[in-house]
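Q: Model the structure of this input:
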Amino acid sequence: MAKFKNVSPLGALDIDVLGLRGVKSGEEFEVPDELASMFVGQVGTFEGVEVPPAVVAEWDAYMSDGEAVEPVAIAEPDQSKTRKKGAGE
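A: Modelled structure (predicted):
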């Protein structure tokens with residue numbers, strides 16, 4: 001069993017997959033290992049308290065899918081197509 005803590009900025013949460021209702025902010029709860037990898041990646045909502053290394057490895061493998069992820073460059077907007085305000089507008 002893995003153990004997580006609710007760190008959600010929304011406060012109390014219902015965690016339907018576990019049948020839990022009203023898990024308060026800061027409250028710890030147990031998660032079966034077969035479901036725990038779903039919680040590992042939700043860092044803004046759940047914090048791992050006791051997470052088996054195999055669960056973390058499963059999440060890492062799922063996220064990497066065997067391929068390196070390269071950052072994507074964001075192109076600057078093309079200003080030549082922007083309508084300029086004329087006199088009297």
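
Q: Buried ones in the longest helix seen in the chain, by neighbour count?
A: Counting by DSSP state H, the longest helix found in the chain is helix 53-64. Neighbour-count burial for helix 53-64, with 16 or more other C-beta atoms under 10 Å as criterion, is recorded at 55, 58-59. Glycine gets a C-beta too; all of them are placed from N, C-alpha and C.

Q: before we move on, what about stretch 23-33?
A: 23, 29, 31.

Q: of all these, which comes closest to V17?
A: Looking at those and their distance to V17, the nearest is V31, at 8.7 Å (C-beta to C-beta).

Q: distance of that closest one from V51?
A: In this structure, V31 and V51 are 9 Å apart, going by C-beta to C-beta, to the nearest Å.

Q: cool, V7 as well?
A: In this view, V7 and V51 are 14 Å apart by C-beta to C-beta.

Q: Using CSV, lay out the buried residues of stretch 23-33 together with pLDDT, secondary structure and distance to M63.
A: As requested, the buried residues of stretch 23-33 are exported to CSV (pLDDT from 0 to 100; DSSP: H, G, I helix; E, B strand; the rest coil; distance: C-beta to C-beta, whole Å):
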residue, pLDDT, secondary structure, distance to M63
V23, 96, strand, 25
F29, 96, strand, 23
V31, 93, strand, 18
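
Q: between the residues you listed, which is nearest F39?
A: For those, the residue nearest F39 by C-beta to C-beta is V31; the value is 5.7 Å.

Q: List the residues that contact the closest one.
A: For V31, the contact set (C-beta atoms under 8 Å, 6 or more residues apart in numbering) comprises 1-4, 18, 39.

Q: By neighbour count, which of these wins?
A: F4 (24 neighbours; other C-beta atoms under 10 Å).
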